[in-house]
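S.K.: Take a look and give me a structure for this.
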Amino acid sequence: MKFENFIKRISAIAAAVVVFLLASGIYLSSKGFVMNPDGSIVLMKSANAAERTASDHKIAADILIPWGRSMGSNDAKVTLYEYSSYGCTHCAHFQLKTLPELQKNYIDKGLVRLVFNDFPLDQRSMKASLLAHCFKGQKFFRVSEQLFEKQREWGLSSKPDELFKKYAYLNGLSEEAAEKCMNDKALAQEIMEGRQFAIANLGISGTPSFVISSTKGREVIYGAPDYETLVGLINTYLPGDKK
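M.R.: Residues are numbered from 1 along each chain as shown. Modelled structure (predicted):
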């Protein structure tokens, strides 16, 4: 009898584990991710790079957009939410070519606040996001810039994790700490939730995408506008329709 009870208990535990794994799998699948047999979480379906279109999607004022890492004044009249993937070439172009001008002429002058939100397109981009979040303040943006500069190197590497750890070390973080960051499941979950929010509430399905927000309204820009186009849109959201 005791043996039969033991077997029943084991069977019940096994059934509970199966139900849990199925539920986890359904949840992750709904977010575009899948759990590997080793327990690692990766993207199941890659989002696409956003195509450049006119800004044509208005966002309701009562939607509370989550904040990521930011640069610029808290009192800026315009907030520019950036949805970006470290593996996206158009995102890299924005970060390396357009953002420096925007920072000099708008962000540093207190006119615009930039909020960076992760929208990983694949497993490597997720690892890059996790690594970048090891760093705080402006160092986050310096490391982000390096990840975009080295995009081709780690994107084509057979051992991207080793390169990520090297970048971390060059920025004052031990390889052990970098490894821990890149395997932070709680942070990965947070990034997935932010990605899903953007898909469900902002109509964003690719990168780069932006949301311009001010007291005058909000709208989404799909794709990477050039500097002149972007600041033209920003100016319409500044008081007095000018810088």
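S.K.: only C-alpha atoms for contact and neighbour calcs from this point on.
M.R.: Will do.
S.K.: The strand or helix carrying residue 165: which residues count as buried?
M.R.: In the assignment (DSSP states H and E), residue 165 maps to helix 160-170. Residues of helix 160-170 classed as buried by neighbour count (16 or more other C-alpha atoms under 10 Å): 160, 161, 163, 164, 165, 166, 167, 168.
S.K.: who does that helix touch, helix- and strand-wise?
M.R.: Applying 3 or more C-alpha pairs under 8 Å, 6 or more residues apart in numbering; DSSP states H and E, we find helix 160-170 packed against helix 123-132, helix 151-156, helix 175-182.
S.K.: Just the strands from the protein, written as ranges.
M.R.: For the chain, applying DSSP state E gives strands covering 33-35, 41-43, 48-49, 57-58, 69-71, 78-84, 112-118, 206-207, 209-214, 217-222.
S.K.: if I look at residue 162, how far off is residue 131?
M.R.: Going from residue 162 to residue 131 by C-alpha to C-alpha, to the nearest Å gives 12 Å.
S.K.: which neighbours do these two share?
M.R.: Shared contacts of residue 162 and residue 131, defined by C-alpha atoms under 8 Å, 6 or more residues apart in numbering, are absent.
S.K.: Run through the chain and note the low-pLDDT ranges.
M.R.: Applying pLDDT under 70 to the chain picks out residues 1-56, 241-243.
S.K.: now with 50?
M.R.: Scanning the chain for pLDDT under 50 picks out the ranges 16-32, 34-49, 52-55, 243.
S.K.: residue nearest the centroid of it?
M.R.: Nearest residue to the geometric centre of the chain (C-alpha atoms, centre = their mean): residue 118, 0.7 Å.
S.K.: Look up which residues are beta-bridged to it.
M.R.: Beta-bridge pairing of residue 118 under DSSP bridges involves residue 84.
S.K.: Find me whatever residue is spatially closest to residue 151, sequence neighbours aside.
M.R.: Using C-alpha to C-alpha, 6 or more residues apart in numbering and skipping residues adjacent in sequence, the residue nearest residue 151 is residue 87, 6.3 Å away.
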